[in-house]
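In: Attaching a predicted model along with its sequence, questions to come.
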Amino acid sequence: MRYYAVVDCDNCYVSCERVFRPDLKHAVVVVLSNNDGCVVARSNEAKQLGVKAGTPYYQLASLFPQAKIAVFSSNYELYGEMTARVMSLIRKAAPQCFRYSIDEAFCVLDGMERVDLKQWGEQLHQQILRCTGMPVSIGIAPNKTLAKMASHFAKHYAGYRHCCLIDTKEKRGKALRLYPLKEVWGIGRRLAARFQALGMETAWDFAKQQLGGGNVVLERTWRELNGEDCVPNEGMARKKTICTSRSFNGMISDVGELATHVANFAARGAEKLRRQGSVAAVVGVFIETNPFREDLPQYWNSCDETLLTPTDATATIVETARRCLDRVFLPGYHYKRAGVLLMGIAPASGIQTNFLDFDAERFQKLKSLDAIVDRINKQNGTETVVLAAQQYRPRKPGGRAKAEVFANVIRHDFRSKNPTTRWCDIVQLK
DNA sequence: TCTGGGGTCCTAGGACCC
DNA sequence: TCTGGGGTCCTAGGACCC
């Protein structure tokens, strides 16, 4: 029988922060979303206190007036580096594995018939903790849905020593009966509510139900709960759409300022495209006012443009995004969020050029330009070199300077340092 | 004052074609 | 009175994931 393991970092962002702040080991810790908007990660102590995921930061103080809460802005540079280290250890330990998200990986444990899987998992947990400081939970079972369920038990019951193995029908039955249906991988809030109305509370209730018609996705979940292995192992290799968007700290009415941000989103999108070796055929832009401000007029719009020849060139994508913005922008509104979407993504190796439009010389020039810019930005930090369009130029003297405009983009008042990626932040021992 | 940012897949329905 | 049958492609919306 084939077995799967899921390795899941415990409270990932909080754990990353704690590695360099051992004084917070038992503290109530939360990490905020971009813009210091709302809570996206909580330590166990924070969960116990009753801090809910998604709580707006500005409500924390009034919701928990007595509590001492350590707050961090999100620091993706740190989380990216820390989780990369965890992933490399998992890759060494498992015969096959694929990353499922920033903090999770699935392993296919083929060829390990003679290995004690429970012990293997416990050792992997210890090794990752020792080498990186990251606590993980490991679930092992005959399919991914059950492995996810097992990892949940590993996380919540100390007796499992961070690894839970479901390898018999009896263990599966016991786990299903203890597992709330709404926690099942593939059953979200909406479906759970629907099934609950029909009297199903646990994974067991659902698994024992006769499945009638409908949706293939749901049927796969049902089959997996019953022990079959049928959720495909995703390639996940290349993204099919790439979206770069942000909410602004405050609101923006000036088209020039908005265009600067859109240019930055477009440039980031183009970088992501090149990193995965793809080109995009369609560039889209959306802009949006603040839906929470019911006192202000609301407006949302988007538009896209299909390129004659798909590209990964920053300059082309930025120009196209600018044209799209001009088509949707209406003066007089206060914009809160904008984004750039890249669609129609295909491998860069097989570009279909348009014979009317294609300029081979320009194509080559942009290509080498982007290659150099990417290299400089990789060595010296992102956005060391940018297009002029990515910098805001005040129209009159005394207008706002670039630095102030970018300070307005994202708020991160509680950002930690980057001791794993920047020499200037390296930890000093006294 | 203050409310995140990415993705995937499936389905139903409409447009269009012969 | 009375208006076919089969197919493809695209889009919007709804569900899910982290």
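Out: Ah, there it is.

In: so who does residue A:149 touch?
Out: Residue A:149 sits next to A:139, A:141, A:166, A:175-176, A:179, A:183-185, A:203 when contact means C-beta atoms under 8 Å, 6 or more residues apart in numbering. For every residue, glycine as well, the C-beta is placed using N, CA and C.

In: Just the buried residues of stretch A:106-124, please?
Out: Using 16 or more other C-beta atoms under 10 Å as the burial criterion, the residues of stretch A:106-124 that qualify are A:106-109, A:112, A:117-118, A:120-122, A:124.

In: hang on, the earlier thing: of the contacts of residue A:149, which ones also sit close to DNA strand C?
Out: Among these, the residues within reach of DNA strand C (C-beta under 7 Å from any atom of the strand) are A:184-185.

In: Who does the spatially closest residue to residue A:55 that is not a sequence neighbour form a beta bridge with?
Out: With sequence-adjacent residues excluded and distances taken as C-beta to C-beta, 6 or more residues apart in numbering, residue A:55 is closest to residue A:39, at 4.7 Å. Going by DSSP bridges, residue A:39 is paired in beta bridges with residue A:32.

In: which residues touch residue A:39?
Out: Per C-beta under 8 Å, 6+ apart, neighbours of residue A:39: A:30-33, A:46, A:51-55, A:57, A:60.

In: what do you get for residue A:219?
Out: Neighbours of residue A:219 in contact, by C-beta under 8 Å, 6+ apart: residue A:211.

In: wait, does the strand or helix carrying it make contact with DNA strand B?
Out: If you go by DSSP states H and E, residue A:219 is part of helix A:216-225. Yes - applying C-beta under 7 Å from any atom of the strand, one finds helix A:216-225 touching DNA strand B at A:216-217.

In: Whichever helix or strand comes after that helix and DNA strand C in contact?
Out: Next helix or strand after helix A:216-225 toward the C-terminus (DSSP H and E): strand A:242-252. No - using C-beta under 7 Å from any atom of the strand, strand A:242-252 stays clear of DNA strand C, with a minimum separation of 12.6 Å.

In: residues of strand A:242-252 that come out buried?
Out: A:242, A:244-249, A:251-252.

In: ditto for stretch A:35-44
Out: A:35-43.

In: same check, this time on stretch A:158-176
Out: Those buried within stretch A:158-176 under the rule 16+ other C-beta under 10 Å are A:160, A:162-167, A:171-172, A:175-176.

In: coming back round to it: just name the closest of the buried residues of stretch A:106-124 to DNA strand B, please.
Out: residue A:106 (14.8 Å; C-beta to the nearest atom of the strand).

In: And the pLDDT at that closest one?
Out: Turning to residue A:106, the model gives it a pLDDT of 96.

In: That one contacts residue A:233, doesn't it?
Out: Yes - judged on C-beta atoms under 8 Å, residue A:106 makes contact with residue A:233 at a distance of 7.2 Å.

In: OK, contacts around the closest residue to residue A:16 other than its chain neighbours?
Out: By the measure of C-beta to C-beta, 6+ apart, the closest residue to residue A:16 outside its immediate chain neighbours is residue A:82, 4.6 Å from it. Contact analysis of residue A:82 by C-beta under 8 Å, 6+ apart lists A:16, A:19, A:132, A:134, A:420.

In: hang on, isn't residue A:300 packed against residue A:330?
Out: No - when contacts are counted by C-beta under 8 Å, residue A:300 is not listed as touching residue A:330 (10.7 Å).

In: how close does the residue nearest the centre of chain A get to residue A:70?
Out: Taking C-alpha atoms, centre = their mean, the centroid of chain A lies closest to residue A:102, which sits 6.1 Å from it. Going from residue A:102 to residue A:70 by C-beta to C-beta, to the nearest Å gives 21 Å.

In: try residue A:129
Out: 21 Å.

In: So for the two, which sits in the more crowded spot?
Out: Per other C-beta atoms under 10 Å, whichever of residue A:129 and residue A:70 has more neighbours is residue A:70, with 19 against 16.

In: May I ask you to confirm that that one belongs to a strand?
Out: Yes - assigned with DSSP: H, G, I helix; E, B strand; the rest coil, residue A:70 falls within a strand.

In: List the contacts of it.
Out: A:21, A:24, A:27-30.

In: Which of these sits closest to DNA strand B?
Out: residue A:30 (13.1 Å).
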